[in-house]
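Participant: please work out how this folds:
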Amino acid sequence: MYKRNREWITNYKFHIVPKILPDELLSSWLTRTAFAHGRTLSLFTTTYIKNEGANLSRIDLDFRYDEQLFNLLSNKSQLPISEILKMSLRSEEGYLFTCNECLYPPKQIRKLLDKRTHFGLMFCPVCLRTDKVPYFRKEWRHLFYNTCPKHQVYLVDRCGKCFERVRFHKMALNDAVIYCHNCGRDLRKTRPKKIYETHLYALEAIRWFESGLKNGYFTLQGMQVHSLWIFQTYTIFYALIKSTKDLKLRNFPLSKEYRELQTKLQRYSSKKASLISENFLLTTMVYHLFQNFPRNLHSFIIDNNLTHRDFTHGFKNVPFWYLKTIEELVPVQNKTGRDISESEVVGAINYLKKRNQKVTQESVAHVVGCHFSIHKGFVKIYQRQAD
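Facilitator: Numbers count the residues shown, from 1 in each chain. Prediction:
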């Protein structure tokens, strides 16, 4: 049986190499390169890059770390490997996020599809409309980047006609990366939602985070703080604010808007259309906690009766700077506390048994009046009784 000789692929160089545009995503540039060769992304990667190219085009190219692929693209395009790496989201590792051989994007980076915060790859239709050569930006994958400060509109996460998400590997061959793969509509015609004038304060948050990432540091209390520490803290504050019931945020100008949005999100029919707005307001609230630092943060702690445990429990990769800040504002609970006698613990256990209530370390501690895991004296006595 005749076997095709595919050795020519190894030495093949791209005939046309589009100029890399400012802050362009690797997937966007590679799709433009494919179109310039008269091929779709899937066909181009299969034919000219490697045998498994069809699969390559379906993964998250922008987050995947593959030295072999980067070297291959650099060799075939005759571009410095530093230029190829610059288009990858992994070039922001150590500044926006930290990752130890992780397969999926961390919280600071949007997944290509995440029904909890958005539908698909996000974009600004006005940016695409005003581009001389339309392309997709890296900043549109950042969790904090939910609006376009330049055009003062919300980002869009789907086609405005058929509501399908953007998928480069399914796009039909065309002259630009602007046509929906499903219905063929020009994505530039999608009408984004304008930001109200009363919400312009929120645009300061986007610009602040954007500037800090670009500089590699933020300035708090006259001190330069590494951008990675701030973005790690950002994800913690984001989750904490979202989970806090009856949230109180002193002097926050958009508190009313956030309460109204939470009411709206309780209706399923409104949920999908409101997720980007929620992300927009949550990011602005995190920004607010960093302003007048640490006064706004301290007020947030007091007004919502938060403890040291609220800021640390369940969070991984917590930066030392963050722990030091929280310990100064919310000291760790006294691990000794008042002295507890064995008779108190025995009495609490008997009390629960008489009432046919479940006897656990937590329920007994509640009757005694101490923390069930922090108070060392109680823990030792309870464990003796349990044995």
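Participant: can you map out the strands along the stretch 51-200 of the chain?
Facilitator: 147-148, 153-154 (DSSP state E, counting those that start in this stretch).
Participant: low-confidence stretches in the stretch 1-150 of the chain?
Facilitator: 1-10, 51-58 (pLDDT under 70).
Participant: if we go to 80?
Facilitator: 1-12, 50-58, 100-101, 115-117 (pLDDT under 80).
Participant: ok, which stretches of the stretch 1-150 of the chain are helices?
Facilitator: For the stretch 1-150 of the chain, the helices defined by DSSP state H, counting those that start in this stretch cover 8-11, 26-36, 41-44, 53-56, 67-77, 81-87, 125-130.
Participant: about what we covered before: could the strands of the stretch 51-200 of the chain go into JSON lines alongside distance to residue 135 and mean neighbour count?
Facilitator: (C-beta placed from N, C-alpha, C; glycine too.) Listed next are the strands of the stretch 51-200 of the chain as JSON lines, based on distance: least, Cβ to Cβ, whole Å; neighbours: other Cβ atoms under 10 Å:
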{"stretch": "strand 147-148", "distance to residue 135": "14", "mean neighbour count": "24"}
{"stretch": "strand 153-154", "distance to residue 135": "18", "mean neighbour count": "18"}
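Participant: quick one: which of those is nearest residue 193?
Facilitator: strand 153-154 (4.6 Å; Cβ to Cβ).
Participant: mean confidence for the closest one?
Facilitator: Taken as a whole, strand 153-154 has an average pLDDT of 96.
Participant: so what touches that strand?
Facilitator: For strand 153-154, the external contacting residues (Cβ atoms under 8 Å, 6 or more residues apart in numbering) are 124-126, 146-148, 192-195, 276-277, 280.
Participant: same question for stretch 29-41.
Facilitator: Under Cβ under 8 Å, 6+ apart, the answer for stretch 29-41 is 14-18, 20-21, 43-45, 47-48, 57, 61, 73, 77, 87, 133, 135, 168-169, 171-177.
Participant: just stretch 107-118 next, same as before
Facilitator: By Cβ under 8 Å, 6+ apart, the list of residues contacting stretch 107-118 reads 60, 63, 89, 96-97, 104-105, 119-122, 141-144, 157, 165, 231, 234-235, 238, 275-276, 278-279.
Participant: just the buried members of those?
Facilitator: 60, 63, 89, 96-97, 105, 119-122, 141-144, 157, 165, 231, 234-235, 238, 275-276, 278-279 (16 or more other Cβ atoms under 10 Å).
Participant: contacts only, for residue 242.
Facilitator: residue 282.
Participant: where does it fall, phi/psi-wise?
Facilitator: phi -60, psi -30 (degrees, to the nearest 10).
Participant: again with residue 235
Facilitator: phi -70, psi -30.
Participant: who's in contact with it?
Facilitator: By Cβ under 8 Å, 6+ apart, the residues touching residue 235 are 106-108, 143.
Participant: excluding covalently adjacent residues, which one is nearest to residue 93?
Facilitator: Excluding its sequence neighbours, the residue lying closest to residue 93 (Cβ to Cβ, 6 or more residues apart in numbering) is residue 99, at 5.7 Å.
Participant: burial count for that neighbour?
Facilitator: 18 (other Cβ atoms under 10 Å).
Participant: residue 25 is in contact with residue 137, correct?
Facilitator: Yes - counting by Cβ atoms under 8 Å, residue 25 is a contact partner of residue 137 at 6.6 Å.
Participant: okay, the two: which has more neighbours?
Facilitator: With neighbours defined as other Cβ under 10 Å, residue 137 and residue 25 compare such that residue 25 has more, 24 against 21.
Participant: ok, that one - contacts?
Facilitator: 62, 87, 89, 135-138, 140-141.
Participant: quick check: the farthest pair among those residues?
Facilitator: 89 and 135 (15.3 Å).
Participant: could you give the mean pLDDT of the top helix by length along the chain?
Facilitator: Secondary structure of the chain per DSSP state H: the longest helix is helix 268-290. Average pLDDT, helix 268-290: 82.
Participant: what's downstream of that helix, the next helix or strand?
Facilitator: helix 295-303 (DSSP states H and E).
Participant: and that following helix, how far from the chain's centre?
Facilitator: 24 Å (Cα atoms, centre = their mean, to the nearest Å).
Participant: what do you get for stretch 304-315?
Facilitator: 20 Å.
Participant: send me it as CSV with only the CA atoms.
Facilitator: The C-alpha trace of stretch 304-315 is given here as CSV (Å, rounded to 0.1, in the frame of the first residue of the first chain):
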residue,chain,number,x,y,z
ASN,A,304,-19.7,42.0,57.9
ASN,A,305,-18.4,40.5,61.2
LEU,A,306,-15.7,38.5,59.4
THR,A,307,-13.1,36.4,61.1
HIS,A,308,-9.5,35.4,60.3
ARG,A,309,-10.9,32.0,59.2
ASP,A,310,-13.2,33.7,56.7
PHE,A,311,-10.1,35.1,54.9
THR,A,312,-8.0,31.9,55.0
HIS,A,313,-10.2,28.8,55.1
GLY,A,314,-10.3,26.8,51.8
PHE,A,315,-7.9,29.1,49.9
